[in-house]
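> I'll drop the sequence and a predicted model, then ask my questions.
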Amino acid sequence: MRHIILMGDFNLDVKKVLLLNSRIGIGLQRAHFINSKGSRVHNGKTGNMIAHILYGGEAGRPLYAKVLRSVDLSDHMPVVAEWDAVDLVKSKPKPQINTKKLEKVKDQFISENIFQVLFDLPDTLKSGSEYIVKEIWSTAEKLKAVSIPENNTLHEKYTTVKKAVLVSKRADVKERNSKILERICCEYKNRNFRKVWSWLKFQANRFRKSIIDGPVLHKNGNLVSETSEKCEVWSSHFEELAKDSSGNSKCSTQWSSLMPLLETAYPECDLSVTWEEIIWALKTTPNNKAPGVDGIPSEVWKLVQYEKQPKSPLAKLLLRIISGI
């Protein structure tokens, strides 16, 4: 599997992005940002996270992912992630079945005698699909329909550019800090001690306020901040959960009675798959789909999509495989 990095301004919060990721269904992971829980800026305040970075394939977990607070895009702040150069090195190219070359030898491929032999074997399906996959690859190699893609790796260029960027970043940070120190010295000379102390508190991280030990809403609608009162509120809350006053924590027997098992609504699902249904599925399958772990593209099976009846050995083998599932 290749490196997959999906990023941008989704304009969706985290829950909706995770739902979208599950619908995509290719196993992507969302990068966790270490310095912020939001990237949307509205009236000078940071809101929901609307920019996201998803990664998958051979791209491992990033070294870090953060929100760039120093860059202003009017309505949101950009997000960045960094991977190690080793993680982005492409692996050695693997042989692939060339669909264009395969199309030129279509008639020879679907008429190969090995597919007829596999169809006639009584235990073809019991022996597993590995033997079938092996023979498909062997037939494609014999007809010279297998090629190795070029390895256009950008590792050296990436490493060189990354070093130059790091040097430039250090120079920018050094220049920025020098300007800040110069400005603070001017404020001190002008006896503007309020700005000086504000900057010192910022450097000491004393400007952050803890929100963990905040007030709690009482039953009467008032906010309580005393430790004893908050403990009383939480004790009362968990006591109600234990008593199940809402009735939402009943045992499975209650829910089974409320939702009885339904009879089979679609009995036709138990019928055998016909050849017409198979060729319909082949025709509706798009081209250039990424192959599975066996490396066989969908174009191999689509070679028999125009046979009204399974006459070629490959079509007969496909019908037997589908019927035996």
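Yep, that arrived.

> Check which helices and strands the helix or strand that Val233 is a member of is in contact with.
Element membership of Val233, judged by DSSP states H and E, is helix 227-243. Here helix 227-243 touches strand 216-217, going by 3 or more Cβ pairs under 8 Å, 6 or more residues apart in numbering; DSSP states H and E. C-beta: built from backbone N, CA, C; applies to glycine.

> Past the strand it packs on, which element shows up next along the chain?
Next along from strand 216-217, by DSSP H and E: strand 223-224.

> Please name the strands paired to that next one in the sheet, noting orientation.
Sheet pairing of strand 223-224 (DSSP bridges) gives strand 216-217 (antiparallel).

> rounded to a whole number, what's the mean pLDDT of the strand it pairs with?
Averaged over strand 216-217, pLDDT sits at 86.

> before we move on, what about stretch 157-177?
What stretch 157-177 shows for mean pLDDT is 85.

> In PDB, list the C-alpha atoms belonging to it.
As requested, the backbone C-alpha atoms of stretch 157-177 are provided in PDB (Å, rounded to 0.1, in the frame of the first residue of the first chain):
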ATOM      1  CA  LYS A 157      15.500  15.700  -2.700                       C
ATOM      2  CA  TYR A 158      13.200  15.600   0.400                       C
ATOM      3  CA  THR A 159      16.200  15.300   2.700                       C
ATOM      4  CA  THR A 160      18.000  18.200   1.100                       C
ATOM      5  CA  VAL A 161      15.000  20.500   1.100                       C
ATOM      6  CA  LYS A 162      14.100  19.500   4.700                       C
ATOM      7  CA  LYS A 163      17.600  20.500   5.900                       C
ATOM      8  CA  ALA A 164      17.400  23.800   4.200                       C
ATOM      9  CA  VAL A 165      14.000  24.500   5.700                       C
ATOM     10  CA  LEU A 166      15.200  23.700   9.200                       C
ATOM     11  CA  VAL A 167      18.200  26.100   8.800                       C
ATOM     12  CA  SER A 168      15.800  28.800   7.500                       C
ATOM     13  CA  LYS A 169      13.400  28.200  10.400                       C
ATOM     14  CA  ARG A 170      16.100  28.500  13.000                       C
ATOM     15  CA  ALA A 171      17.300  31.800  11.400                       C
ATOM     16  CA  ASP A 172      13.700  33.100  11.400                       C
ATOM     17  CA  VAL A 173      13.100  32.200  15.100                       C
ATOM     18  CA  LYS A 174      16.400  33.800  16.100                       C
ATOM     19  CA  GLU A 175      15.600  37.000  14.300                       C
ATOM     20  CA  ARG A 176      12.100  37.100  15.700                       C
ATOM     21  CA  ASN A 177      13.400  36.600  19.300                       C
END
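
> Run the chain-centre distance for that stretch.
Distance of stretch 157-177 from the chain centroid (Cα atoms, centre = their mean, to the nearest Å) equals 30 Å.

> Please apply the same query to stretch 95-107.
On Cα atoms, centre = their mean, the centre of stretch 95-107 falls 31 Å from that of its chain.

> in the chain, which ranges drop under the pLDDT threshold?
1-2, 42-45, 57-59, 72-74, 85-91, 124-128, 151-155, 205-213, 246-265 (pLDDT under 70).

> And the helices in it?
Assigned by DSSP state H, the helices in the chain fall at 14-24, 99-104, 106-110, 113-120, 130-142, 155-189, 193-203, 227-243, 252-258, 275-284, 298-301, 313-323.
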